[in-house]
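Visitor: What follows is a predicted protein model with its sequence.
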Protein chains: 2
Amino acid sequence: MEITNKLIYSYLDHLECGRCQREYDAGVPQGLCECGAPLLARYDLARVAAAVAPADFRDRPASLWRYHELLPVSKEESVVTFGEGMTPLLPMTEVGRQMGLPRLLMKDEGLLPTGSFKARGAAVGVSRARELGVRRIAMPTNGNAGAAWAVYAARAGIEALIAMPTDAPAITRAECAISGARLYLVDGLINDAGAMIAEAVRAQGYFDSSTLKEPYRLEGKKTMGLELFEQLGWRVPDVILYPTGGGVGLIGIHKALQECREMGWIGEKMPRLVSVQASGCAPIVRAWQNGDEVSQAWAEATTVAFGINVPKALGDFMILSALRATQGCAVAVDDEEILRAQARVGRLEGAFICPEGAACFAAAERLRQQGWIDEGEEVVVLNTGAGVKYPETVVVSVPTLSRGDTIPMP
Amino acid sequence: MEITNKLIYSYLDHLECGRCQREYDAGVPQGLCECGAPLLARYDLARVAAAVAPADFRDRPASLWRYHELLPVSKEESVVTFGEGMTPLLPMTEVGRQMGLPRLLMKDEGLLPTGSFKARGAAVGVSRARELGVRRIAMPTNGNAGAAWAVYAARAGIEALIAMPTDAPAITRAECAISGARLYLVDGLINDAGAMIAEAVRAQGYFDSSTLKEPYRLEGKKTMGLELFEQLGWRVPDVILYPTGGGVGLIGIHKALQECREMGWIGEKMPRLVSVQASGCAPIVRAWQNGDEVSQAWAEATTVAFGINVPKALGDFMILSALRATQGCAVAVDDEEILRAQARVGRLEGAFICPEGAACFAAAERLRQQGWIDEGEEVVVLNTGAGVKYPETVVVSVPTLSRGDTIPMP
């Protein structure tokens, strides 16, 4: 008999409620805790720390799967991938100079499959769902998450049911359509789409992959933090600004911080996490200002940064808790500021960022002006998607020439 | 006095005409050879081979700049980057199975900045142009190249003048606009735009960055080949299919092959290079079938794969020479086949590819059916861009629900 020693791919141990700490079996598909709160994946961190050291990651492929010990997928063969992860961390020298933030960096999530950071959650969520035997998933979306889950589901051979507001970026419809998802448009907001999906989950037997209603999308988003710390040489910046809709990325970065601290991979210093919202939909900002532990649904939500047009986030209490724990804050910027920041980053740096990412640049400038950020601090903005998915945010007014015409002098 | 030993960043030696072999100084901005043919960058390959070995690249950052010894930029500080390169090489298992090509792979260039492989040429071309003191560039484009050069130019602080056909993908206008390029639309084809740019170069003092009219875009495209060989463990596949407009990527891959062979980094085996065109614009295919060494301009060119709608390529003789040297071939597929292949790859793999990439899948299937490719052969398709830049290629016809509606049973 031949013995082959196979290394452990994941140190996932169990699931734990983010509110009441009740524990659940991670070996079967799970939804919310009985108390209604999201479940969090818990790992045997002592064994992870014994098995792998920060310096080991350098030799691994440049994808988020390099952190597989801290991800929930138990076997490498279960991974469904389009090569996602290790997005660049870029100095924003000119914009930073104008904003009085010489150490301004942007992590550009537009370079992920489907052109948005939603690919992280979809890659990990779909891989784990398939591994656990899920054959059909359903979810509401503001566009990019649905597109990402649709394409990863298609690659995994899983059926996807997606519902999105009619105002979601049009290109995300095409992504769902080409990957064969069942797609419905909803004349309403994401919460309206969510109610329809909840009903379809009950009546039609889909697995509910809505934001934070299953535990593994968060694990994918967590890798934004892991990559950032590794790219900075296993240390943290002073401030991280994150455009907050459902808030999974911010919760994920906070979770990455806690896990890395517990394993001694980073020091004791915490980056201040900033939740950025649009003034047309700012439930987290309002709750933060009121000192509340949960948010209230925002009425008549509207913003050009459609990805953060989320009136009420299931994980609001975890977002607010992360802001408090890191001495961060929550800031709202209006659509005009968002579009101005997007244009400025384009002109000065060439980067075509999404409106949600632009909101973070506007917020960074505001916080600098208010003195909440010091000039010498290292500030990381998360650009959560590629601007090319938002053609309507750019006004193009250019001349058309006919054959034989000459390009005029400038 | 303190002595610091600084390693050599680039082994660029001189420029050489691709047709008449006349040599030129690489230390100043250069255009075409006096004979009218493109200039090629030549390196001191013996010194490169002495300075770096294939295994060394593994420890370097996951960007195309890891191959800096074989790139023309002389100092790391000159690099203008958005983190481009090391795009994933993905197994296309289901599509491959249906096509009788179990070893089908796709290199997904949609994960580059600006969502297209044009970022490679722009990153290297703009970096070198700035290093040589160029302050203003001009070029015609079918959309994606202009967008890429516009955004890299903005990051470099270089002015860009871009002319593109009105039929070019609309999103590329937004990319030029947001990065502050001077953009003109042309009611015609890329050759018409090219004539206007040539005039503006003469009259307005721009540096001509048109396809192959400067030597360094090609060097950026070359990295597609270098990455592919490295990703395969420094060996080559049996067949590489490339959608051919101006053909710079194919010429670049061939150049990478020659350089790597000369340095002993890969064996003697050559992959067969396949030039894929659309039947509505197939000058290279016609020349190949006629056994010609150059192509004739294609009249009334039209195809849904707009990136390869190039009636006459300046480097046609180098494309045809590369096909001959590698025992490759040239294949034309029609628009219907292209859109069918795009839909199939989306449905079976989840990948939303561009029509130019889809043309290569259609061609691979045809060549398999004809027996030109054997079942056991390893076949690499280059998907040159993200499908999200081509919303018009996907028909989306889905129901809209109102608040209170129920998602119907499937």
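Guide: Thanks, I have it.
Visitor: quick one, domains of chain A?
Guide: A:12-78, A:89-115+A:218-387, A:118-208 (automatic domain parsing).
Visitor: For B:Cys17, find the nearest of those domains.
Guide: Of all the domains of chain A, it is domain A:89-115+A:218-387 that lies closest to B:Cys17, at 32.3 Å by C-beta to C-beta. Bear in mind the C-beta positions are built from the backbone N, C-alpha and C, glycine included.
Visitor: picking that back up, so which of the domains of chain A is the most surrounded?
Guide: Mean neighbour count (mean count of other C-beta atoms under 10 Å in any protein chain shown) peaks for domain A:118-208 among the domains of chain A, with a mean of 24.
Visitor: now that domain, how far from the chain's geometric center?
Guide: Once both centres are worked out by C-alpha atoms, centre = their mean, to the nearest Å, domain A:118-208 turns out to sit 16 Å from its chain's centre.
Visitor: one step back: including distance to B:Thr166, could the domains of chain A go into JSON lines?
Guide: Shown next, in JSON lines, are the domains of chain A (distance: least, C-beta to C-beta, whole Å):
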{"stretch": "domain A:12-78", "distance to B:Thr166": "39"}
{"stretch": "domain A:89-115+A:218-387", "distance to B:Thr166": "21"}
{"stretch": "domain A:118-208", "distance to B:Thr166": "21"}
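Visitor: can I get the ones you listed in a markdown table with distance to chain B?
Guide: Formatted as a markdown table, these follow (distance: least, C-beta to the nearest C-beta, whole Å):
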| stretch | distance to chain B |
| --- | --- |
| domain A:12-78 | 3 |
| domain A:89-115+A:218-387 | 3 |
| domain A:118-208 | 3 |
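Visitor: Serialize the ones you listed to CSV and add fields for mean pLDDT.
Guide: Formatted as CSV, these follow (pLDDT from 0 to 100):
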stretch, mean pLDDT
domain A:12-78, 97
domain A:89-115+A:218-387, 98
domain A:118-208, 97
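Visitor: closest one to B:Tyr11 among those?
Guide: Nearest to B:Tyr11 among the domains of chain A is domain A:12-78; the distance by C-beta to C-beta comes to 25.1 Å.
Visitor: First-to-last residue distance for the closest one?
Guide: For domain A:12-78, the first-to-last residue distance is 15 Å (C-alpha to C-alpha, to the nearest Å).
Visitor: Any idea how far that domain is from the middle of the chain?
Guide: Remark: domain A:12-78 is offset 17 Å from the chain centroid, using C-alpha atoms, centre = their mean.
Visitor: Contacts for stretch A:267-275 next, please.
Guide: A:235-242, A:244, A:247, A:250, A:253-254, A:257, A:261, A:284-285, A:288, A:319, A:322-323, A:325-331, A:360, A:363, A:367, A:380 (C-beta atoms under 8 Å, 6 or more residues apart in numbering or on different chains).
Visitor: could you pull out the helices for chain A?
Guide: Using DSSP state H, the helices of chain A run over A:45-51, A:93-99, A:118-131, A:144-156, A:170-178, A:190-204, A:217-231, A:248-262, A:283-290, A:316-325, A:335-349, A:355-369.
Visitor: Test my guess that A:Met318 contacts A:Ile253.
Guide: No. Using C-beta atoms under 8 Å, A:Met318 is not in contact with A:Ile253, being 11.6 Å away.
Visitor: quick revisit: of the domains of chain A, which is nearest B:Pro113?
Guide: Between B:Pro113 and the domains of chain A, the shortest gap by C-beta to C-beta is with domain A:89-115+A:218-387, which sits at 6.5 Å.
Visitor: Distance from that closest one to the middle of the chain?
Guide: 10 Å.
Visitor: so how far is the first residue of it from its last?
Guide: 17 Å.
Visitor: can you check stretch A:164-173 too?
Guide: So stretch A:164-173: terminal residues 9 Å apart, C-alpha to C-alpha.
Visitor: which residues are contacting it?
Guide: Residues beyond stretch A:164-173 that count as contacts (C-beta under 8 Å, 6+ apart) turn out to be A:140-144, A:146-147, A:176, A:183-190, A:192-193, A:306, A:309, A:389-391, B:388, B:391, B:396, B:398, B:400.
Visitor: Could you list which residues are in contact with A:Thr223?
Guide: A:Leu64, A:Tyr67, A:Leu71, A:Gly85, A:Arg120, A:Val124, A:Gly252, A:Ala256.
Visitor: Disregarding residues adjacent in the polypeptide, which is nearest to the residue nearest to the spatial centre of chain A?
Guide: Taking C-alpha atoms, centre = their mean as the criterion, A:Gly249 is the residue nearest the geometric centre of chain A, at 3.9 Å. Ranked by C-beta to C-beta, 6 or more residues apart in numbering or on different chains and with sequence neighbours excluded, the top spatial neighbour of A:Gly249 is A:Lys221, at 4.7 Å.
Visitor: roughly how far apart are the one you found and A:Ala123?
Guide: 10 Å (C-beta to C-beta, to the nearest Å).
Visitor: so how far is B:Asn309 from the closest residue to A:Arg120 other than its chain neighbours?
Guide: Among residues not flanking A:Arg120 along the chain, A:Gly220 sits closest, at 4.0 Å (C-beta to C-beta, 6+ apart). With distances taken as C-beta to C-beta, A:Gly220 is found 38 Å from B:Asn309.
Visitor: Likewise for A:Ile407?
Guide: Taking C-beta to C-beta, one finds A:Ile407 at 21 Å from B:Asn309.
Visitor: Likewise for A:Glu69?
Guide: On the measure of C-beta to C-beta, A:Glu69 and B:Asn309 end up 48 Å apart.
Visitor: With A:Leu183 instead?
Guide: 31 Å.
Visitor: so what's A:Arg347 up against?
Guide: Neighbours of A:Arg347 in contact, by C-beta under 8 Å, 6+ apart: B:Ala154, B:Ile178, B:Ser179, B:Gly180.
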